[in-house]
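Asks: next come a sequence and a model predicted from it.
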Amino acid sequence: MTAALVVGLLVASGVFLLLRRGLLRVVLGFVLLGHAVNVLLVSAGGMQRRGVPLLGEADADGAADPLPQAFVLTAVVITFGITVYMLALARAGDPGATTGEPFPGEDADRGGEAADQRTEGGPS
Amino acid sequence: MTGGLLVLPVAGPLLVAGLLALVHHLWPHTTRLDRVAGPAAAGGVLVFAGSLLAATSDGAVPVLQLGGWQPGIAIVFAADTFSAVMLAVTSLLVLVSLPFAAALGEDEDPAFVPLVLVLLAGVSGAVLTADLFNLFVFIEVMLVPSYLLFAAGGGAERLAAARLYVSISLMASTVLLAGVGLLYGVAGTVNLGELAGAAESSPAVGFAGAVVLLALGVKSAVVPLHGWLPQTYSRTGPAVAALFSGLLTKVGVYAVIRLYSVVYGGTPRYLWVIMAVALLTMVVGVLGAVGEHAMRPVLTFHMVSQIGYVFVGLALSTAAGLSATVFFLVQYVLVKTALLMCAGVVEHRYGTGDLDRLGGLVRREPLLAGVFAVSALTLAGIPPLSGFVAKLGLASAAAAAGQYLAVALLVGVSLLTLLSMVKLWNGVFWEPPAEQPGADGDAEPGEASAADGGASPVASALGSRVRPLVLAPPLFLAAAAVVLGLWAEPLLSFSTVAGADLADPAAWVAAVTGR
């Protein structure tokens, strides 16, 4: 029940963010959706038995299903990699990405600092 | 052939890709090595696929239970004729596309060839695996390099298309993963052999499987999930688009066919959905192409339309229909890549694929025009070419199953395809280039290629023609279309075996489950 509510909440907020303008919100929406699917995968192994799935550590009757946990581990890695790439894509088309201009809406001081460092970085 | 070798088409390209990346890291500026090693790896996979075809043509199914675990626990690799055919055609495409990319200069990025090899490894794994979660992983292995290749070269338009492409693919992958989770929840396994027929007997498994099929439908771009494909494929690099057209959507198609054949046991209960989607895809795709006015957008809409043809055979779910689907898939992948390569050559040489701005190329580029004409007629399905054999197979299978609406649409959509191809031929090759009234610099703003004020790109590109080397890959593929039409027997015999296996996957299931 809790898992179902969590999945529902995550999917709802993920879809809400996906439908907003701006790639940053879309990326955050994908992060939430990814989490929703991960919870769904874990719960697919059954929510009643949540013991340590190691032989000799706990009795086999109460041990959790280790296979969905392995699925989730793989899925987390993939989602993480693609999220980082999407963030790079979000920034890549922005003129500030190459000139050091502050990102629209970004803290102007931090953007300025980065630009300064870049100009000090080398004469090239 | 022993099953243990099945890991080679995945491990080989991955290993070569890793070594190439290492070499680039240690000794920069060694793209010459790439141009040998990349095609060599793809050629190795092609040779392997050939021997796999020979080994599976009698119905044998080599199986690898990874890690030596007992069947049901191990991750399984299995190959039947359908897998072997797909492996052969995809590795052939990579083998042909790499020199094409080199000739267009798209492989200057040192990461290009390693990424294409990782892509090939993902495709090989996806067509060989018999485990649903493993299928998801290999689809991701295939997609991640495609994201990078897609955006390579930059440019605002390409980056915008890349954002759309990555977002849609990620959405589909998320849904696919959710479907795998649901399927595991209701069936307790993701081994396709254990799942055989499960969706036929249990509606819950059928629903969970439908979520997976929905996600794969996005990947294979069926209507109404097709919107992303024409918008993205016409905006990436020409060589990359030619490569993707043969590999990415086809893996989605492969997975749908395999899943429906095994997990749903080809049940007639849901076939009407597939038939409706297939016919809708055919019609909407071809009508979309009518409205386009540049080479690659027209061709990408035809990709959508042809995916519909592939699914018509699946929707019949008879051995004849499935074998016609396999034949159609193979010849269509080859010919579509040839067409996209022709479009890529034109765009590369003349700076645009816009039909209004091109014209009269038949005099300047007779070889290119010939390759395009043969490929276009094959796509439309004109007799001695392979497209005719494929469409005849589909139409006769549909007639045998009593699906006369499908027969009528198969023929009607072919006519519209021919119309579209004639439009391309006239616009690019036959008609003289459009005279731009008053050559006093009234070129439309924003058209960067018309730097000399209104002259057509053909006139302004006087001098060197397209190098014959660039035309070798599409020429080879067009020749394959002719050969497969005149001498269709070998491929027909393979596709008949594959269709029979798909209609009755008992041997495949027995091999995968080890029972």
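Replies: Thanks, I have it.

Asks: low-confidence regions, chain B specifically.
Replies: Applying pLDDT under 70 to chain B flags the ranges B:1, B:30-31, B:434-464.

Asks: give me the element the one residue in it that gets nearest to chain A is part of.
Replies: In chain B, the residue that lies nearest chain A is residue B:185 (3.5 Å; C-beta to the nearest C-beta). All C-beta atoms are positioned from the backbone trio N, CA, C, and that covers glycine. Element membership of residue B:185, judged by DSSP states H and E, is helix B:156-187.

Asks: for the very next helix or strand once past that helix, name the packing helices and strands.
Replies: Of the helices and strands lying after helix B:156-187 in sequence (DSSP H and E), the nearest is helix B:198-201. Helices and strands in packing contact with helix B:198-201 are listed as helix B:203-220; criterion 3 or more C-beta pairs under 8 Å, 6 or more residues apart in numbering or on different chains; DSSP states H and E.

Asks: which residues does the helix or strand following the helix it packs on contact?
Replies: Sequence order places helix B:228-233 as the next helix or strand after helix B:203-220, per DSSP H and E. Outside helix B:228-233, the residues that touch it by C-beta atoms under 8 Å, 6 or more residues apart in numbering or on different chains are B:150, B:161-162, B:164-165, B:168, B:218, B:221, B:241, B:244-245, B:249, B:288, B:292, B:296-297, B:300-301, B:303-304.

Asks: how far does helix B:228-233 sit from its chain's centre?
Replies: Offset of helix B:228-233 from its chain centre (C-alpha atoms, centre = their mean, to the nearest Å): 14 Å.

Asks: by contact count, what packs against the very next helix or strand once past that helix?
Replies: Per DSSP H and E, the first helix or strand lying C-terminal to helix B:228-233 is helix B:238-262. Contacts defined by 3+ C-beta pairs under 8 Å, 6+ apart place helix B:238-262 against helix B:81-104, helix B:112-128, helix B:132-151, helix B:203-220, helix B:228-233, helix B:295-316, helix B:319-350, helix B:489-503.

Asks: please, which helix or strand holds residue B:412?
Replies: Using DSSP H and E, residue B:412 falls in helix B:404-424.

Asks: buried residues, that helix. List them.
Replies: B:406-407, B:409-410, B:413-414, B:416-418, B:420-421, B:423-424 (16 or more other C-beta atoms under 10 Å in any protein chain shown).

Asks: same question for stretch B:99-112.
Replies: For stretch B:99-112, by 16+ other C-beta under 10 Å, it's B:99, B:100, B:101, B:102, B:103, B:104, B:106, B:107, B:110, B:111, B:112.

Asks: how about the residues of chain B near chain A?
Replies: Chain B comes close to chain A at residues B:133, B:137, B:140, B:144, B:147-148, B:151, B:154, B:156, B:159-160, B:162-163, B:166-167, B:170-171, B:173-174, B:177-178, B:180-182, B:184-185, as judged by C-beta under 8 Å from any C-beta of the partner chain.

Asks: what's the neighbour count on residue B:363?
Replies: 11 (other C-beta atoms under 10 Å in any protein chain shown).

Asks: and residue B:29, helix, strand or coil?
Replies: coil (DSSP: H, G, I helix; E, B strand; the rest coil).

Asks: same thing with residue B:77?
Replies: strand.

Asks: for it, give the beta-bridge partners.
Replies: residue B:64, residue B:129 (DSSP bridges).

Asks: quick one, what contacts it?
Replies: B:3, B:6, B:7, B:63, B:64, B:66, B:128, B:129, B:130.

Asks: near chain B, which residues of chain A?
Replies: So far as C-beta under 8 Å from any C-beta goes, chain A lies against chain B at A:18, A:23, A:26, A:30, A:33-34, A:36-37, A:40-41, A:43-45, A:67-68, A:71, A:74-75, A:78, A:81-82, A:85-86, A:89-90, A:92-93.

Asks: spatially central residue for chain A, please.
Replies: residue A:31 (3.5 Å; C-alpha atoms, centre = their mean).

Asks: what bridges to the residue nearest to residue A:62 when sequence neighbours are not counted?
Replies: Leaving aside its sequence neighbours, residue A:62 sits nearest to residue A:51 (C-beta to C-beta, 6 or more residues apart in numbering or on different chains; 3.9 Å). Judged by DSSP bridges, the bridge partners of residue A:51 are residue A:63.

Asks: so how far is residue A:40 from residue A:51?
Replies: Look at residue A:51 and residue A:40: by C-beta to C-beta, to the nearest Å, they are 21 Å apart.

Asks: who has more neighbours out of the two?
Replies: Remark: of residue A:51 and residue A:40, residue A:40 carries more neighbours, 25 against 13, as counted by other C-beta under 10 Å.

Asks: which of the three states applies to residue A:60?
Replies: coil.

Asks: and for it, the neighbour number?
Replies: 10.

Asks: please apply the same query to residue B:402.
Replies: Neighbours around residue B:402, by other C-beta under 10 Å: 10.

Asks: I'd like to know how far it sits from residue B:508.
Replies: 28 Å.

Asks: repeat that for residue A:80.
Replies: 35 Å.

Asks: who has more neighbours, these two?
Replies: Legend: neighbour count by other C-beta under 10 Å for residue A:80 and residue B:508, higher for residue B:508 (27 against 12).

Asks: surely the more buried one touches residue B:262?
Replies: Yes. Assessed by C-beta atoms under 8 Å, residue B:508 is found in contact with residue B:262 at 7.1 Å.
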